[in-house]
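K.L.:
take this sequence and fold it.
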Amino acid sequence: MSVLTQPSTMGDVLKYELNPNYIRETVTLLAGHAYPVGAVLGRITASDKYKFATSGGTDGAQTAAAVLLYAVDATLADAVGIVVARGPAIVSRAALTYDGSVDDAAKITTKLGQLAELGIIPRETA
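P.N.:
The predicted model follows:
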């Protein structure tokens, strides 16, 4: 018998939010990626677009600024996505997805701290 797997959903990532009208934002995601649910995003200062939060760079996206709530395919063109942009909110740490440059525990801890500064609290047990 084959095993069926279901893709991640918003409920896998977002565990608590005070008020959806306050914490969520609609943003433009930079073309070039298929962004999964739970992607940790940074905001590009010059264009106000979002992309994966990187571990380096100077375009503004090196700072985690949001968590994507629904998968968005922006491989060919910029696309719109819904994010948690501020708290109070609790997200599941295990459900978060990072850019390839965020590749060790110290870099992940930095991104989690940046989210916490926004009131988006990652929890192990969420």
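
K.L.:
run the chain-centre distance for the biggest helix by length in the chain.
P.N.:
Secondary structure of the chain per DSSP state H: the longest helix is helix 105-117. Centroid separation for helix 105-117 versus its chain: 12 Å, with Cα atoms, centre = their mean, to the nearest Å.

K.L.:
can you mark which positions in that helix are buried?
P.N.:
Counting neighbours by 16 or more other Cβ atoms under 10 Å, one finds that the buried residues in helix 105-117 are K107, I108, T110, K111, L112, Q114, L115. No exception for glycine: its C-beta is placed from N, CA and C like everyone else's.

K.L.:
what are the ranges of the strands in the protein?
P.N.:
Using DSSP state E, the strands found in the chain span residues 14-17, 24-29, 33-35, 40-43, 50-52, 64-68, 72-74, 79-84, 89-92, 120-123.

K.L.:
partner strands of the first one, with direction?
P.N.:
When pairing is defined by DSSP bridges, strand 14-17 lines up against strand 89-92 (antiparallel).

K.L.:
no more questions from me, cheers.
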